[in-house]
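# sequence? don't have it. structure:
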């Protein structure tokens, strides 16, 4: 393959994968009311793939994707563009806390005003539960402003655990909040943030604010004590994002094909790509699981993050009543993973690495 044809081949592969997996990022419960008649998941998948055309299209698409990936992994160490991209993204590491704060702060504020517990399917009456409303709005604004970021993140984790264990385990639909809260608890507010601004003021000799601020010294201590954990933030984010994808593909698609078929019927997806509705469901589920496992393993991490970002975007355009705020955290995680790369404990560390000395950049301390 010539150097000139390589970018064309990679772009063609990405376009093909996007078209095949277009509906993959949808939360089924967010766009359907109830479920269809129960279907045996294993029997449904077997019946769909027993059709010769479906089997040929499904198997051929998989083989083509694997072949394209193998070719790319073989030539990737020779592509200067990838090296330059990684070096450029390394300079954005200090912006990751800001990305993550926006990613969860905005939907938390929206959850408080609209009255739901992390996932839009878990609604509550804001008038009857004013404390819950204040809790979510307050958490959202604290995280957005980067004020007491680690404390707000810890409260967010405890609130999510309370909803999961005591209210409704269906909040696992919004499991993406967990890795983002964990990452922010390690990183702090970053820059720009109220924490960074107030620490600068309080640490200045002669500052009036420094005489009354009781916590800025604690923040400095936490920044230092979490320094060794910062390198694992990319791992936390990609594994959390991967787990969310596997859940969507396995539980919401393959294990509940009746509900997924309702999405195909509701949005007439077979008119977009004229294939069997069952193949849409199986293809979407398998694609989500594959992307999720790639993220968990740290294999082709930035490619998987870029593909997931495209999937989220096309899903929001293709499913117009899918709640946008419910996907903001996933958009933020995809952006952060694309920026940071795989981090440690990843297959990307051993296979097809570009010719760039040293590890991926660690997120700098404030």
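Arrived safely. Computed from a predicted model, the values in this text were never measured in an experiment.
# Which is the succeeding secondary structure element to the strand or helix carrying residue 286?
Element membership for residue 286 (DSSP states H and E) is helix 277-297. Counting by DSSP H and E, the element after helix 277-297 in chain order, helix or strand, is helix 301-318.
# Surely residue 180 touches residue 237?
Yes. Contact criterion Cβ atoms under 8 Å: residue 180 and residue 237 qualify, at 7.4 Å. C-beta coordinates here come from the backbone N, C-alpha and C atoms, glycine included.
# any common contacting residues for the two?
Common contact partners of residue 180 and residue 237 (Cβ atoms under 8 Å, 6 or more residues apart in numbering): residue 333.
# Select the helix or strand of this protein having the lowest average pLDDT value.
helix 5-20 (a mean of 39; mean pLDDT, DSSP states H and E).
# neighbours of residue 192, just the number please.
For residue 192, the tally of surrounding residues (other Cβ atoms under 10 Å) stands at 14.
# Quick one: mean pLDDT for stretch 258-276?
Average pLDDT, stretch 258-276: 81.
# Now do it: distance to the chain's middle.
24 Å (Cα atoms, centre = their mean, to the nearest Å).
# that older thread, which helices and strands sit right next to the helix holding residue 286?
If contacts are counted by 3 or more Cβ pairs under 8 Å, 6 or more residues apart in numbering; DSSP states H and E, helix 277-297 sits against helix 41-50, helix 52-75, helix 233-249, helix 257-266, helix 301-318.
# Would you mind getting the angle between the first one and helix 52-75?
This means helix 41-50. 90 degrees (axes from the mean of the first three to the mean of the last three Cα atoms, to 10 degrees).
# before we move on, what about the third one?
Computed with the same axes, to 10 degrees, the direction of helix 233-249 lies at 170 degrees from that of helix 52-75.
# Just give the closest residue to residue 102, not the sequence neighbours.
Closest residue to residue 102 apart from its sequence neighbours, by Cβ to Cβ, 6 or more residues apart in numbering: residue 332 at 6.2 Å.
# Could you do residue 139 as well?
residue 108 (5.1 Å).
# in the protein, what residue sits furthest out from the centroid?
Here the chain reaches farthest from its C-alpha mean at residue 206, the gap being 43.9 Å by Cα atoms, centre = their mean.
# Now that one: phi and psi?
Phi and psi for residue 206, reported as degrees, to the nearest 10, are phi 90, psi 0.
# now do the same end-to-end measure for stretch 40-56.
One end of stretch 40-56 sits 23 Å from the other (Cα to Cα, to the nearest Å).
# Pull out the buried positions in it.
Neighbour counts over stretch 40-56 (16 or more other Cβ atoms under 10 Å) mark 41, 44-45, 48-49, 54 as buried.
# So what touches it?
58, 254-257, 275-276, 278-279, 281-282.
# How about the secondary structure of residue 126?
State at residue 126, reduced to three classes by DSSP: H, G, I helix; E, B strand; the rest coil: coil.
# ok, it to residue 114 distance?
Using Cβ to Cβ, to the nearest Å, one obtains 8 Å as the distance from residue 126 to residue 114.
# about what we covered before: so can I have TSV of the helices and strands packed on helix 277-297 showing distance to residue 99?
Formatted as TSV, these follow (distance: least, Cβ to Cβ, whole Å):
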stretch	distance to residue 99
helix 41-50	36
helix 52-75	27
helix 233-249	10
helix 257-266	29
helix 301-318	12
